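Asks: Next one to model:
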Amino acid sequence: MKTLGPTNALYPMLTVLVGATVGGKPNFLAVAHVGILNHGTPQYLSIGLGKIHYTNAGIVRNKTFSICLPSENLMVQTDYCGLVTGSKTDKAALFDVFYGELQTAPMIRQCPVNMELRLHDVLDYATHDIMIGELVQTYADEAVLSGGKIDLAKVKPLLFDMAGKKYWSLGKAVGDCWSAGKVLKEG
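Replies: I've put the predicted structure just below:
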């Protein structure tokens, strides 16, 4: 094995659009640093945002944000939301924006899955803020559901690879979780 130094090899990551109300207007930011903190109830998710981002202030002020999952067909719009700042550009004009229970976490109808979160905590690092949110509600387009559950093949999520600086799409499923390894248990 070759050593690579402290190279993050966890890519590709899901690319999302984080929504927040900033200065009374909806704004969206492309983010690939999203985490799942637990599987219980309530469920907590995290997003890592550079301190320089315009969106941070809206999240802190309103104590809400959204995580919207764009399909691969929204690659151009998603990338654009990561290239320009909401302080100078109305990125929300690209989308059909809607609100859910929290009223200050803008979401995107063109995204097949949207989650709204209540801000729980902010971890303050030198260059980044880690926003931890409690998941309040998830909205999914019926076209991406199978048996009442989100079907990733139908979502066609957009994936981000920092090392190659490329967007990727999801491949086919290769096995069943909590099942594929049973062949070793039985042997």
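Asks: residue ranges of the strands in the chain, please?
Replies: Using DSSP state E, the strands found in the chain span residues 13-14, 16-22, 25-31, 34-36, 44-50, 64-69, 97-98, 107-108, 113-124, 128-140, 145-146, 149-150, 158-161, 166-169.
Asks: so which of these comes closest to Leu184?
Replies: The closest of the strands of the chain to Leu184 is strand 34-36. By CB to CB, the value is 26.0 Å. Just so you know, the C-beta spots here come from the backbone N, C-alpha and C atoms, and that holds for glycine as well.
Asks: Partner strands of that closest one, with direction?
Replies: strand 44-50 (antiparallel) (DSSP bridges).
Asks: And the contacts of the strand it pairs with?
Replies: Residues from elsewhere that reach strand 44-50 (CB atoms under 8 Å, 6 or more residues apart in numbering): 16, 18, 29, 31, 33-38, 55-56, 59, 65, 67, 115, 117, 120, 127-135.
Asks: TSV for the strands of the chain, including distance to Thr7 and mean pLDDT?
Replies: As requested, the strands of the chain are arranged in TSV below (distance: least, CB to CB, whole Å; pLDDT from 0 to 100):
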stretch	distance to Thr7	mean pLDDT
strand 13-14	15	94
strand 16-22	23	98
strand 25-31	21	97
strand 34-36	19	97
strand 44-50	17	97
strand 64-69	26	98
strand 97-98	38	98
strand 107-108	33	98
strand 113-124	23	98
strand 128-140	18	98
strand 145-146	37	98
strand 149-150	31	97
strand 158-161	13	96
strand 166-169	17	95
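Asks: Turn those strands into CSV, columns for mean neighbour count and distance to Val76.
Replies: Listed next are the strands of the chain as CSV, based on neighbours: other CB atoms under 10 Å; distance: least, CB to CB, whole Å:
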stretch, mean neighbour count, distance to Val76
strand 13-14, 18, 18
strand 16-22, 27, 13
strand 25-31, 23, 11
strand 34-36, 13, 20
strand 44-50, 18, 22
strand 64-69, 27, 15
strand 97-98, 16, 18
strand 107-108, 26, 14
strand 113-124, 18, 19
strand 128-140, 18, 23
strand 145-146, 12, 26
strand 149-150, 12, 23
strand 158-161, 20, 10
strand 166-169, 14, 10
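Asks: I'd say Met162 and Tyr11 touch.
Replies: Yes: shown here, Met162 and Tyr11 form a contact pair, counting by CB atoms under 8 Å, at 5.1 Å.
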